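S.K.: coords below, sequence missing:
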């Protein structure tokens, strides 16, 4: 069979978003090259928007696509893959109707404006996953998580974790490697906008909650666990609330970049879940943090991918069309601050490559760490038109970048760090790769200390996995 690549205007990756992802039941995965490391035992889970069109209409933003979760289970006998949509209430309603009904991050409901007011904002369950001992949580920005079975990814329903009571639970929880505690947050909108803070035990059950007032509706996507602190960087974005509340405009289209306001940094005590300090500094936008940790002098270091403005939102909106043209290059930065006095001590860019999805080894979360793993653009890639087409490891000690060049028209997902179950000190990097040459998806396994070498194993997936956002690893 001859595969014809799309024109340069549409790019090879557009094939992966032009059709909805197709579910598959648990299926043994064939090895295309190499061999599965014997110490790789556990499950890789990845989440992302898998359906971007219904009945000829596209979603308004990449963030609106219905979530689907890929599970890859590694045992002594090989690897098995399973892929299923999260059967949210919105997914079920719109699947039955055959068209979009609910509101979204980048969508207003169809029909006259007075009928739109009755439609909820759809919990797309499409952003990340949290693996607990007895279930998997599919996470989204503005609502409760959906619980799935760990093996077959069957949707069990919304899960309030023993106390959310309808409050949102963010897609970026942080797990303390020493205690197993899980820290997270969610922004509630009402008469007053509130930053809700959560501490859960290792099972995911809520054990403590705190809250901090916000001046208005804020776009807070991620936080960083830094030793004894939870830290938030609130970008200078203002919402045009009246058109949004009247369902005349989507959340995405109703946001305005206001750099004169500066970025607000909010520092919270992870033990009391109370605010210690909050202060403003230079304006920037970030989706994601890498790691954070406390230094002996009491200052705190934070790694993040920083954008100079909010053009990244427009670029992500364009992904649904299969063509991007907006420049929005994020760079890896390091920030050092005094968490108690509210003072930025140092701020510097540490890597000059367009990148995203910074990943820290889980056993170093909130503690001093040397490496950040990243998705990035290959040297020479047109960053306006291409998705991330490489992964790399940045060494904060030496300032060097070790890159895995996957070749043209290969698009890896966020690199997932996996310790070997048998060999201390040995670890692996797992990524799901879309091959634009053959319109297929694979799982690639790299030695974490040898990203610039060939993958140690490549596994074929039975269906194309549309590009997604975040994943996790659950040891066996």
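M.R.: Received the coordinates, thanks. Just so we're clear, the structure is a prediction, and the values are computed from it rather than from any experiment.

S.K.: Okay, now the unreliable bits of this protein?
M.R.: 1-10 (pLDDT under 70).

S.K.: Residue 394 versus residue 331, what's the distance?
M.R.: 11 Å (C-beta to C-beta, to the nearest Å). C-beta coordinates here come from the backbone N, C-alpha and C atoms, glycine included.

S.K.: Give me the more crowded residue out of those two.
M.R.: Between residue 331 and residue 394, residue 394 has the larger neighbour count (other C-beta atoms under 10 Å), namely 24 against 17.

S.K.: ok, now which ones touch residue 224?
M.R.: Listed by C-beta atoms under 8 Å, 6 or more residues apart in numbering, the contact set of residue 224 reads 174, 230, 231, 289, 290, 291, 292, 302, 304.

S.K.: Can you name every helix or strand that the helix or strand harbouring residue 442 contacts?
M.R.: Assigned by DSSP states H and E, residue 442 belongs to strand 440-447. In terms of contacts (3 or more C-beta pairs under 8 Å, 6 or more residues apart in numbering; DSSP states H and E), strand 440-447 is packed against strand 427-435, strand 457-460.

S.K.: Neighbour-wise, give me the winner out of the contacts of residue 224.
M.R.: Counting neighbours by other C-beta under 10 Å, residue 292 leads the contacts of residue 224 with 28 neighbours.

S.K.: Where do the helices of the stretch 251-400 of the chain begin and end?
M.R.: With helices called from DSSP state H, counting those that start in this stretch, the stretch 251-400 of the chain shows them at 311-318.

S.K.: Okay, buried residues for stretch 253-265 please.
M.R.: 253, 254, 255, 257, 259, 262, 263, 264, 265 (16 or more other C-beta atoms under 10 Å).

S.K.: how long is that stretch end to end?
M.R.: From its first residue to its last, stretch 253-265 covers 25 Å (C-alpha to C-alpha, to the nearest Å).

S.K.: Residue 376 contacts residue 354, doesn't it?
M.R.: Yes: contact criterion C-beta atoms under 8 Å: residue 376 and residue 354 qualify, at 6.2 Å.

S.K.: In terms of neighbours, single out the busier of these two.
M.R.: Neighbour totals were compared for residue 376 and residue 354, and residue 376 leads with 26 against 21 (other C-beta under 10 Å).

S.K.: Skipping adjacent residues, who's closest to the more buried one in space?
M.R.: residue 355 (3.9 Å; C-beta to C-beta, 6 or more residues apart in numbering).

S.K.: Strands of the stretch 201-350 of the chain, start to end?
M.R.: Using DSSP state E, counting those that start in this stretch, the strands of the stretch 201-350 of the chain run over residues 206-213, 224-226, 229-234, 237-239, 255-257, 263-269, 275-281, 289-294, 300-306, 331-338, 343-349.

S.K.: What lies in contact with the third one?
M.R.: Contacts of strand 229-234 from elsewhere in the structure, counted by C-beta under 8 Å, 6+ apart, are 174, 183, 185, 195, 197, 214, 218-220, 223-224, 263-270, 273, 276, 284, 286, 289, 292, 294, 300, 302, 304, 339.

S.K.: Try it again at 7 Å.
M.R.: Strand 229-234 is contacted from outside by 183, 197, 218, 220, 223-224, 263-270, 286, 292, 300, 302, 339, using C-beta atoms under 7 Å, 6 or more residues apart in numbering.

S.K.: try stretch 189-200
M.R.: With C-beta under 7 Å, 6+ apart, stretch 189-200 has contacts from 161, 167, 181-188, 206-214, 216-218, 220, 230, 268, 273.

S.K.: Name only those of those residues that count as buried.
M.R.: Among the contacts of stretch 189-200, the ones that count as buried by 16+ other C-beta under 10 Å are 161, 167, 181-187, 206, 208, 210-212, 214, 217-218, 220, 230, 268, 273.

S.K.: follow-up on the earlier one: same list, the contacts of residue 224, but as CSV with distance to residue 90 please.
M.R.: Converted to CSV, those look like this (distance: C-beta to C-beta, whole Å):
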residue, distance to residue 90
174, 28
230, 30
231, 33
289, 29
290, 32
291, 34
292, 34
302, 35
304, 31
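
S.K.: okay, now the nearest residue to residue 41 once chain neighbours are set aside: neighbour count?
M.R.: Distances taken as C-beta to C-beta, 6+ apart place residue 476 nearest to residue 41, at 4.2 Å, with adjacent residues excluded. Residues within reach of residue 476, counting by other C-beta under 10 Å, total 11.

S.K.: circling back to that earlier point, relative orientation of the strand holding residue 442 and strand 427-435 in degrees?
M.R.: Direction vectors for strand 440-447 and strand 427-435, defined by axes from the mean of the first three to the mean of the last three C-alpha atoms, to 10 degrees, enclose an angle of 160 degrees.

S.K.: ok, which stretches of the stretch 101-250 of the chain are helices?
M.R.: 113-116, 241-245.

S.K.: Would you mark the buried spots in the shortest one?
M.R.: By that I understand helix 113-116. Of all the residues in helix 113-116, those buried under the rule 16+ other C-beta under 10 Å are residue 116.

S.K.: what's the offset of it from the middle of its chain?
M.R.: 32 Å (C-alpha atoms, centre = their mean, to the nearest Å).

S.K.: How about residues contacting it?
M.R.: Contacts for helix 113-116 (C-beta under 7 Å, 6+ apart): 108, 109, 246, 247, 248.

S.K.: Can you select the buried ones from those residues in ChimeraX?
M.R.: Applied in ChimeraX, the following selects the buried portion of these according to 16+ other C-beta under 10 Å:
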select :108,109,247
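
S.K.: got the contacts of helix 113-116 as a markdown table, with distance to residue 53 columns?
M.R.: Below are the contacts of helix 113-116 laid out as a markdown table (distance: C-beta to C-beta, whole Å):
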| residue | distance to residue 53 |
| --- | --- |
| 108 | 17 |
| 109 | 17 |
| 246 | 26 |
| 247 | 21 |
| 248 | 23 |
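
S.K.: Relative to residue 17, how far out is residue 62?
M.R.: Using C-beta to C-beta, we find residue 62 at a distance of 8 Å from residue 17.

S.K.: If anything else comes up later, I'll come back, but that's it for now.
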